[in-house]
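[1] Structure of the sequence below:
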Amino acid sequence: MDNSIPIFRPWAPEWLVKVILFSLILPNLVLFFLPLANVNAAAGYYGSEPADIQYAVALFYAGYAGFYGLERRFFNYLASKEYFILFTFLQILTSLICYLTHEIYILFPVRFIQGMLFAGTVTLSLSLMFTRLSSERAREVSFSVFFGVLLCTIPFTNLVTADLIDSYNFNIVYKGTLFSYLPCLIMLLLSMNNVRLNIRFPLSKLDWQSFVMYSIVLCLIGYIMIYGQEYYWLEDQRIRYSVIAIVGITVLYMLRQKAMKRPYVDMRVFRFRNFRVALLALFVMYICRFPLGITNSFFATVLRFDPMHVSYINAINIAGLITGVIIACCMTLQQKSIRYIWLPGFLLLLVFHIAMFFLFDIQADEYNYFLPLFIQGLGVGMIMVPTIIYAISAVPVALGVSASAICLAIRYLGFCVSIAIINYFELFEKGRHYSAFQDHLTKIDPMVRQTRHIRVTNLLAKGLTHAQSIKASNKLLVRDINGQTQLRFAMDYYELMSWLLIGIILLIALFPYLNRTVVYLRSRRLSPA
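    Here you go, the predicted structure:
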């Protein structure tokens with residue numbers, strides 16, 4: 001890829017080129033976790049379960065991870081302008097379908113296609129951006145900016161869509177995304193030359209078989225992780241058949257890769273110790289990255305904050321993420337030992353989980369949670385970018401694309417496992433605590449009788465009849481029990497995550513080899529993961 005090729009027209013200054021390339025990524029990033037902006041509103045709109053909305057996000061992720069290896073062939077086949085216009089137009093079309101449809105089973109395949117299109121647009125945008133940066137410092141900064149924006153996607157999406165979802169139907173967010181692509185498309189038509197970056201390779205011998213097998217395995221893993229607890233895992237034949245399919249397809253896939261001269265994903269990357277350690281850190285970080293969903297549920301169901309208020313509180317988390325990414329970028333530029341980046345990051349996550357464990361209560365002021373939310377963002381921001389750079393730099397340059405693909409698959413796996421753990425605690429542990437409260441709370445219990453009497457008296461003073469007051473006090477008692485079960489399940493989950501973080505911190509502290517390794521970029525053509 002030659003930087004001297006006039007990809008953009010002479011009148012476009014360098015700063016405008018970078019703005020155009022980055023603006024191509026932003027709508028795709030917002031589209032990534034868009035269904036999670038308000039899971040209950042999305043589930044109500046499509047007439048589905050919250051698990052279906054989670055799976056819609058997992059399918060986008062699976063499309064991204066699965067198509068990543070095949071996308072390179074289209075990258076070499078199409079000219080850059082044609083590539084951008086085609087993929088942007090298709091993304092607009094899929095957003096229009098999401099806006100018009102009410103059926104969750106139409107949404108599922110469309111979300112997978114959106115993930116594939118996301119892989120193409122992001123890869124070409126970042127590749128062009130990296131080739132326009134002459135210094136290693138600038139490339140590391142750009143890499144940090146991209147992943148920093150990716151980390152901020154969920155709280156940022158919640159922030160910008162909360163008012164829209166509160167005022168309109170959920171599908172209005174797809175209409176907003178649809179129009180956000182139009183400025184990018186117009187700027188592409190005006191500023192880009194119709195030139196080719198590489199020699200045009202025909203699309204013959206396209207390894208679509210590996211893509212199909214790899215993607216099916218990823219989709220089935222997401223299906224098992226998201227619906228497993230709801231269906232009681234292997235007791236349900238759908239989960240059993242999915243596990244059997246994963247094993248069978250994986251065996252066929254591995255045999256096929258061994259027989260191929262150019263494998264879809266080169267497994268030789270696992271020979272490098274630094275790469276394996278980086279994958280472990282990345283996997284743990286992704287599992288511990290998503291408990292904010294539980295915190296937001298706590299704000300909404302126990303403290304009774306409205307969705308807009310919750311989104312404003314999460315702005316503190318965005319500030320922490322940005323700060324963490326900046327600190328990590330500075331430490332990477334100084335080529336600090338990876339141990340001195342990971343240890344503070346995971347310690348901050350541990351502090352967040354322990355602090356939240358003790359801050360869960362039925363009554364609290366919102367400012368009590370500002371510092372923990374900032375600390376969580378700071379920890380995640382410090383870990384994410386150095387870990388991916390460290391993983392890709394741990395393998396030879398020729399294996400960089402495969403290393404990026406594996407990192408992407410590990411992040412997808414961490415996302416799915418995180419949802420599985422949350423669903424387990426929400427469905428099983430929450431039910432267990434609810435049953436325990438039912439066993440101890442009866443009408444003859446003195447505390448229950450006193451509480452019901454006080455509430456009936458207060459409701460009578462408000463003007464309700466005696467019968468209405470009794471019914472209302474019973475409903476308030478059920479609400480209190482639900483709030484307590486929400487607290488107990490959240491505390492159980494945060495306790496488990498704390499022990500997991502203690503384990504990874506001890507591993508990092510005691511693993512002597514990490515003391516001699518630093519984070520740096522080895523190639524100017526760093527593959528975006």
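[2] and the host helix or strand of Lys475, what does it pack onto?
    Here Lys475 is covered by helix 466-510, with elements defined by DSSP states H and E. Other helices and strands packing on helix 466-510, by 3 or more CB pairs under 8 Å, 6 or more residues apart in numbering; DSSP states H and E, are helix 273-287, helix 292-301, helix 339-359, helix 400-424, helix 430-440, helix 446-461. C-beta coordinates here come from the backbone N, C-alpha and C atoms, glycine included.
[3] looking at these, which is closest to Ile383?
    helix 339-359 (3.9 Å; CB to CB).
[4] quick check: mean pLDDT across the following helix or strand past the closest one?
    Sequence-wise, the next helix or strand downstream of helix 339-359 (DSSP H and E) is helix 370-393. For helix 370-393, mean pLDDT is 88.
[5] Dump helix 370-393 to CSV, keeping only the CA atoms.
    Below are the C-alpha coordinates for helix 370-393, written out as CSV (Å, rounded to 0.1, in the frame of the first residue of the first chain):
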residue,chain,number,x,y,z
PHE,A,370,-19.7,8.9,40.7
LEU,A,371,-16.2,7.9,41.8
PRO,A,372,-16.7,4.1,41.4
LEU,A,373,-18.0,4.6,37.9
PHE,A,374,-15.0,6.8,37.0
ILE,A,375,-12.7,4.2,38.5
GLN,A,376,-14.3,1.4,36.4
GLY,A,377,-13.8,3.4,33.2
LEU,A,378,-10.2,4.3,34.2
GLY,A,379,-9.4,0.6,34.7
VAL,A,380,-10.9,-0.6,31.5
GLY,A,381,-9.4,2.2,29.5
MET,A,382,-5.9,1.4,30.8
ILE,A,383,-6.1,-2.3,30.0
MET,A,384,-7.8,-2.5,26.6
VAL,A,385,-5.5,-0.8,24.1
PRO,A,386,-2.1,-1.9,25.5
THR,A,387,-3.4,-5.5,25.6
ILE,A,388,-4.4,-5.6,22.0
ILE,A,389,-1.2,-3.9,20.8
TYR,A,390,0.8,-6.3,23.0
ALA,A,391,-1.0,-9.3,21.6
ILE,A,392,-0.5,-8.3,17.9
SER,A,393,3.1,-7.3,18.5
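[6] just how off-centre is the helix or strand hosting Val325 within its chain?
    Assessed by DSSP H and E, Val325 sits inside helix 315-333. Chain-centre distance of helix 315-333: 17 Å, with CA atoms, centre = their mean, to the nearest Å.
[7] got it, and stretch 29-42?
    Centroid separation for stretch 29-42 versus its chain: 11 Å, with CA atoms, centre = their mean.
[8] before we move on, what about stretch 311-321?
    16 Å.
[9] buried sites along it?
    Residues of stretch 311-321 classed as buried by neighbour count (16 or more other CB atoms under 10 Å): 311, 313-314, 316-321.
[10] Switch those residues over to CSV; also include distance to Val122 and pLDDT.
    Shown next, in CSV, are those (distance: CB to CB, whole Å; pLDDT from 0 to 100):
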residue, distance to Val122, pLDDT
Ser311, 25, 82
Ile313, 29, 86
Asn314, 24, 85
Ile316, 27, 90
Asn317, 23, 89
Ile318, 21, 89
Ala319, 25, 91
Gly320, 24, 91
Leu321, 19, 90
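[11] Was I right to think Ser23 contacts Met187?
    Yes: the criterion here is CB atoms under 8 Å, and Ser23 meets it with Met187 at 7.3 Å.
[12] With distance to Tyr494 added, can I get the buried residues of stretch 311-321 in a markdown table?
    Formatted as a markdown table, the buried residues of stretch 311-321 follow (distance: CB to CB, whole Å):
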| residue | distance to Tyr494 |
| --- | --- |
| Ser311 | 22 |
| Ile313 | 18 |
| Asn314 | 17 |
| Ile316 | 18 |
| Asn317 | 16 |
| Ile318 | 21 |
| Ala319 | 22 |
| Gly320 | 17 |
| Leu321 | 19 |
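[13] Of those residues, which is the nearest to Leu280?
    Taking these together and measuring to Leu280 by CB to CB, the closest member is Leu321, at 22.1 Å.
[14] Spatially nearest residue to that closest one, not counting backbone neighbours?
    Gly377 (3.9 Å; CB to CB, 6 or more residues apart in numbering).
[15] contacting residues around that neighbour?
    Contacts for Gly377 (CB atoms under 8 Å, 6 or more residues apart in numbering) come out as 151, 316-324.
[16] Farthest pair within those residues?
    Across the contacts of Gly377, no pair lies farther apart than Leu151 and Ile316, at 14.2 Å, counting by CB to CB.
[17] Just the mean pLDDT for the helix holding Lys475, thanks.
    82.
[18] now swap in stretch 326-336 and tell me
    84.
[19] swap in stretch 213-223?
    93.
[20] For it, C-alpha coordinates in PDB please.
    Extracted in PDB, the C-alpha atoms of stretch 213-223 (Å, rounded to 0.1, in the frame of the first residue of the first chain):
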ATOM      1  CA  MET A 213     -18.100 -22.900   9.500                       C
ATOM      2  CA  TYR A 214     -16.300 -20.300  11.600                       C
ATOM      3  CA  SER A 215     -19.300 -18.000  11.700                       C
ATOM      4  CA  ILE A 216     -21.800 -20.800  12.500                       C
ATOM      5  CA  VAL A 217     -19.600 -21.800  15.500                       C
ATOM      6  CA  LEU A 218     -19.400 -18.200  16.700                       C
ATOM      7  CA  CYS A 219     -23.200 -17.800  16.400                       C
ATOM      8  CA  LEU A 220     -23.900 -21.100  18.200                       C
ATOM      9  CA  ILE A 221     -21.500 -20.100  21.000                       C
ATOM     10  CA  GLY A 222     -23.400 -16.900  21.500                       C
ATOM     11  CA  TYR A 223     -26.700 -18.800  21.400                       C
END
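[21] Return the set of buried residues in it.
    213-223.
[22] In helices only, show me those residues.
    213-223 (DSSP state H).
[23] just those residues now: which is nearest Ile92?
    Using CB to CB, Ser215 comes nearest to Ile92 of those, at 23.0 Å.
[24] how far away is the closest residue to the closest one other than its chain neighbours from Asn193?
    Nearest residue to Ser215, sequence neighbours excluded (CB to CB, 6+ apart): Gly66, at 3.3 Å. Note on Gly66: its distance to Asn193, by CB to CB, to the nearest Å, is 32 Å.
[25] Kindly report the same for Leu59.
    As judged by CB to CB, Leu59 and Asn193 stand 35 Å apart.
[26] what's the answer for Leu321, then?
    Relative to Asn193, Leu321 is positioned 36 Å away (CB to CB).
[27] same thing with Gly63?
    Taken as CB to CB, the span from Gly63 to Asn193 is 30 Å.
[28] Spatially nearest residue to Leu347 (excluding sequence neighbours)?
    Ile505 is the one closest to Leu347 (CB to CB, 6+ apart), at 6.4 Å.
[29] Verify the stated contact: the one you found with Val351.
    No: the pair Ile505 / Val351 is not scored as a contact, 11.2 Å apart, by CB under 8 Å.
[30] and stretch 504-514, how far from the chain's centre?
    26 Å.
[31] Just the buried positions in it, please.
    Going by neighbour count (16+ other CB under 10 Å), the buried part of stretch 504-514 is 504-505, 507-508, 514.
[32] Also stretch 155-171?
    In stretch 155-171, counting by 16+ other CB under 10 Å, buried: 155-159, 161-162, 164-165, 170-171.
[33] and those residues as a markdown table, adding distance to Thr301?
    Below are the buried residues of stretch 155-171 laid out as a markdown table (distance: CB to CB, whole Å):
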| residue | distance to Thr301 |
| --- | --- |
| Pro155 | 19 |
| Phe156 | 23 |
| Thr157 | 21 |
| Asn158 | 16 |
| Leu159 | 20 |
| Thr161 | 20 |
| Ala162 | 16 |
| Leu164 | 22 |
| Ile165 | 17 |
| Phe170 | 19 |
| Asn171 | 25 |
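[34] Among those residues, which lie within strands?
    Among the buried residues of stretch 155-171, none falls in strands (DSSP state E).
[35] can you redo those residues as TSV with pLDDT?
    As requested, the buried residues of stretch 155-171 are exported to TSV (pLDDT from 0 to 100):
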residue	pLDDT
Pro155	83
Phe156	82
Thr157	81
Asn158	80
Leu159	80
Thr161	79
Ala162	76
Leu164	77
Ile165	77
Phe170	84
Asn171	84
